[in-house]
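Colleague: okay, here's the prediction I keep looking at, along with the sequence it came from:
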Amino acid sequence: MKISKRVASAVAVSSLSLSAFAADKVYLNQWGFTPEQSKVAIVKNASSMPFTVTRLNNGAQELSATTRPSGKWEDAGMTVSLADISAITAPGEYRLSVDGADPVIFTVHPNPYGALHDAVIKAYYYNRAGMALDQAFAGKWHRRAGHPDTQTLTLGAPDTDPVDRSKGWYDAGDYNKYIVNSGISTYTLLRAYLDHSDFYDSRHWNIPESMNNRADLLDEILWNLDWMVTMQDSDGGVFHKLTTLSFSGPVMPDAATATRYATAKSTAAALNFAAVMSVAARVFDERRDDYLERANRALQWAQNNPKQYYTNEDNVKTGQYGDTSLSDEHNWAAIEYAISQRNSKMLSELAGKLSAVSAPSWANVTGLSYLSLLRDAKGLLRENEYQSVKSQLGAYADQQVDIMQANAFRIPVVTKDFVWGSNAVMMNKAMLLENAYRLTDKPVYRTAVFALVDYIGGRNPTGYSFVTGFGNKSPRFIHHRPSEADGIADPVPGWLAGGPQNGHQDGCRYPSDLPATSYLDDWCSYSTNEITINWNAPLVYVLASVITGK
């Protein structure tokens, strides 16, 4: 018999120790710490308070100190102090006891993020379209196949034959597939492989392809690349999305049977497609020529149609991913193609057109251009050109460090970061900071990376670990149709919830109007509790980086 998710959740909550919910007064990373990283807990108290750290296994006191007042974070409406527990480096489980608060448990482990990383990337497998999820790989989240997409139609072209546009990932909590958001998502996973290939070549997380000779990450990426190529038209243009006319209700994929359409082509889709195909050509040698030829045709189409902006057709009510500022996409796509073609002259011109570094998003991909130039083009740029790009990333990293040191929670975040998908902003910042660290070996950059990991893991004013299935207090009711409809108490694991922001676009009732605390763990809250492929991707990258240490 299936039980109510909310009843099951209440039972699970009541069985947890009270210490698991001390996050109303003490906030720290619930996933654990590496021995060498800085370790900070935030205490909701403006005054200095005594605290102790004891070992769980024998009660030995390992640390006794006082918290340090760190000021007020206006975005959270909290005045707090810091408990620095960095002196705890020996692996083990510990109890942090602060006067006036319930004790909290934390762990120190040589690799606290391995299982988390594997779950965050395996979430993509759970969101595959057109495929049944077998119990051998999906466990209790197994399901029937939905959306084969072998007979899709094209809006505005009633006389064309149905087209096979199968495979791909469901974009988010809904069942549609969008080229623009696939662009940044697939690039970031390709970037993870390019920068950590040794790590991924020997790592598996039990997907159907795990027994072949290819890295699991590459097999997962190919599932989406194979769909993306079906979205390119014969003229080189790329259809913006594959969608139903309206969002389905909270049903399983096989029950969402409305007709699916490819919408109009767009410049943004063509440029995202060209960039991703160019990068994929550097990873998949056997497909290099095909991917580069597709990238070239998409670039040509975009050059001939530089302002073909997408807006939903009158009868389409699903996600628009509209963008009318495409200079960043034009530059990014051209940079990726030039790197793959080893065109130094073109790269020199393009590097000079870069705008300032910013955290990547589907609507602003400039940060991705920096990553590719710094990681893949050092031998193609003149030394002064390369150093100029590097110094701009360094200036961005220095700015984030300044922000971190001024923030009461010691997190590099400002008010404007609390947008739809704020947790992705945090992880994309961490990805840039991680690359700055790798290029300079400045320890403070790595400290900022871990601060952002800590934030996602529970060192934030909501007290949530924002990844489903991990931490003492993680989201239970994400806006994700399979998790809502499957009758299983636990949501699909490994998904990063969108995170706090006070836009309140969904009309739900929130516990707070402040940017850093306006979060609701409820299916209704698609503005703070939805999941998407582009939010998980930078978390995959960052976790691989901190696991490998490089």
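Modeller: Cool, got the structure. If you're wondering where the values come from, they're calculated on a predicted model, not measured in any experiment. Numbers count the residues shown, from 1 in each chain.

Colleague: and the gap between the residue with the largest distance to the centre of the chain and residue 153?
Modeller: Residue farthest from the centre of the chain, counting by C-alpha atoms, centre = their mean, is residue 159 at 39.5 Å. Between residue 159 and residue 153 the distance, using C-beta to C-beta, to the nearest Å, works out to 11 Å. Yep, even glycine has a C-beta here, placed from its N, CA and C like the rest.

Colleague: if I look at the residue farthest from the centre of the chain, what pLDDT would I see?
Modeller: For residue 159, the model assigns a pLDDT of 83.

Colleague: so it: helix, strand or coil?
Modeller: Secondary structure of residue 159, reduced to three states by DSSP: H, G, I helix; E, B strand; the rest coil: coil.

Colleague: got the contact list for it?
Modeller: With contact set as C-beta atoms under 8 Å, 6 or more residues apart in numbering, residue 159 has no partners.

Colleague: and residue 502, by the same measure?
Modeller: When contacts are counted by C-beta under 8 Å, 6+ apart, residue 502 touches 418, 510, 512-515, 518.

Colleague: and it, which of the three is it?
Modeller: Taking three-state DSSP as the rule, one finds residue 502 in the coil state.

Colleague: identify the residue nearest it in space, chain neighbours excluded?
Modeller: Nearest non-adjacent residue to residue 502, counting by C-beta to C-beta, 6 or more residues apart in numbering: residue 518, 4.0 Å away.

Colleague: what separates the one you found from residue 425, distance-wise?
Modeller: In this structure, residue 518 and residue 425 are separated by 15 Å, where distance is defined by C-beta to C-beta.

Colleague: cool, and residue 319?
Modeller: 19 Å.

Colleague: try residue 231
Modeller: Where residue 425 is concerned, residue 231 sits at a distance of 27 Å (C-beta to C-beta).

Colleague: again with residue 339
Modeller: Applying C-beta to C-beta, the value for residue 339 to residue 425 is 26 Å.

Colleague: tell me which element residue 38 falls in.
Modeller: Secondary structure assignment for residue 38, by DSSP states H and E: no helix or strand.

Colleague: so what's it up against?
Modeller: By C-beta under 8 Å, 6+ apart, the residues touching residue 38 are 84, 86, 447, 450-451.

Colleague: which parts of the stretch 151-300 of the chain are helices?
Modeller: Taking DSSP state H, counting those that start in this stretch as the test, the helices found in the stretch 151-300 of the chain are 179-195, 197-201, 216-230, 267-283, 288-304.

Colleague: in JSON lines, list these along with mean pLDDT.
Modeller: Listed next are those as JSON lines, based on pLDDT from 0 to 100:
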{"stretch": "helix 179-195", "mean pLDDT": "98"}
{"stretch": "helix 197-201", "mean pLDDT": "98"}
{"stretch": "helix 216-230", "mean pLDDT": "98"}
{"stretch": "helix 267-283", "mean pLDDT": "98"}
{"stretch": "helix 288-304", "mean pLDDT": "98"}
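
Colleague: any idea which of the ones you listed is most buried?
Modeller: The highest mean neighbour count among the helices of the stretch 151-300 of the chain, using mean count of other C-beta atoms under 10 Å, belongs to helix 267-283: a mean of 28.

Colleague: what is the orientation angle of that one with helix 288-304?
Modeller: For the pair helix 267-283 and helix 288-304, the angle between their directions (axes from the mean of the first three to the mean of the last three C-alpha atoms, to 10 degrees) equals 160 degrees.

Colleague: name the helices or strands packed onto helix 267-283?
Modeller: For helix 267-283, the contact count by 3 or more C-beta pairs under 8 Å, 6 or more residues apart in numbering; DSSP states H and E identifies helix 179-195, helix 216-230, helix 288-304, helix 327-341, helix 366-376 as packing neighbours.

Colleague: so that helix versus helix 366-376, what angle?
Modeller: Helix 267-283 runs at 20 degrees relative to helix 366-376, counting by the same axes, to 10 degrees.

Colleague: for helix 267-283, list the C-alpha coordinates in CSV.
Modeller: What follows is the C-alpha trace of helix 267-283 in CSV, where atoms were taken according to Å, rounded to 0.1, in the frame of the first residue of the first chain:
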residue,chain,number,x,y,z
THR,A,267,19.7,32.1,-32.5
ALA,A,268,20.3,31.3,-28.8
ALA,A,269,19.6,27.6,-29.5
ALA,A,270,21.9,27.6,-32.5
LEU,A,271,24.8,29.2,-30.5
ASN,A,272,24.4,26.9,-27.5
PHE,A,273,24.3,24.0,-29.8
ALA,A,274,27.4,25.1,-31.7
ALA,A,275,29.4,25.7,-28.5
VAL,A,276,28.5,22.3,-27.0
MET,A,277,29.2,20.4,-30.3
SER,A,278,32.6,22.1,-30.5
VAL,A,279,33.5,21.1,-27.0
ALA,A,280,32.2,17.5,-27.5
ALA,A,281,34.5,17.3,-30.5
ARG,A,282,37.4,17.6,-28.1
VAL,A,283,36.1,14.8,-26.0
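
Colleague: distance from it to the middle of the chain?
Modeller: Remark: helix 267-283 is offset 19 Å from the chain centroid, using C-alpha atoms, centre = their mean, to the nearest Å.

Colleague: quick one, strands of the chain?
Modeller: With DSSP state E as the criterion, the chain has strands at 26-27, 40-43, 50-55, 61-66, 68-73, 78-84, 92-98, 104-108, 153-154, 177-178, 241-243, 261-262.

Colleague: how about the closest residue in space to residue 151 that isn't next to it in sequence, what does it touch?
Modeller: In this structure, residue 151 finds its nearest non-sequential neighbour in residue 162, 3.9 Å apart by C-beta to C-beta, 6+ apart. With C-beta under 8 Å, 6+ apart as the criterion, the residues that contact residue 162 are 150-153.

Colleague: out of the helices and strands packed on helix 267-283, flag the one nearest residue 75.
Modeller: Among the helices and strands packed on helix 267-283, helix 366-376 comes nearest to residue 75, with 22.8 Å by C-beta to C-beta.

Colleague: buried ones in that closest one, by neighbour count?
Modeller: Under the neighbour-count criterion of 16 or more other C-beta atoms under 10 Å, helix 366-376 has 366-374, 376 buried.

Colleague: angle of that helix against helix 327-341?
Modeller: With the same axes, to 10 degrees as the basis, helix 366-376 and helix 327-341 are set at 20 degrees to each other.

Colleague: so which elements touch helix 366-376?
Modeller: Using 3+ C-beta pairs under 8 Å, 6+ apart as the contact definition, the elements that helix 366-376 packs against are helix 179-195, helix 267-283, helix 327-341, helix 344-351, helix 383-406, helix 422-440.

Colleague: got the CA positions of that helix in PDB?
Modeller: Only the C-alpha atoms of helix 366-376 are listed here, as PDB (Å, rounded to 0.1, in the frame of the first residue of the first chain):
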ATOM      1  CA  THR A 366      30.700  34.600 -20.500                       C
ATOM      2  CA  GLY A 367      32.200  32.700 -17.600                       C
ATOM      3  CA  LEU A 368      32.200  29.600 -19.700                       C
ATOM      4  CA  SER A 369      34.400  31.400 -22.300                       C
ATOM      5  CA  TYR A 370      36.900  32.200 -19.600                       C
ATOM      6  CA  LEU A 371      37.100  28.600 -18.400                       C
ATOM      7  CA  SER A 372      37.700  27.200 -21.900                       C
ATOM      8  CA  LEU A 373      40.300  29.800 -22.800                       C
ATOM      9  CA  LEU A 374      42.200  29.200 -19.500                       C
ATOM     10  CA  ARG A 375      41.900  25.400 -19.600                       C
ATOM     11  CA  ASP A 376      42.000  24.600 -23.300                       C
END
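
Colleague: hmm, who's touching that helix?
Modeller: Residues from elsewhere that reach helix 366-376 (C-beta under 8 Å, 6+ apart): 184, 187-188, 191, 194-195, 275, 279, 282, 328, 331-332, 335-336, 339, 347, 350-351, 354-360, 381, 386, 389-390, 392-393, 428, 431-432, 435, 439.

Colleague: go again using 7 Å as the cut-off
Modeller: With C-beta atoms under 7 Å, 6 or more residues apart in numbering as the contact definition, helix 366-376 has outside contacts at 184, 187, 191, 194-195, 282, 328, 331-332, 335-336, 339, 351, 354-355, 357-360, 381, 389-390, 393, 428, 432, 435, 439.
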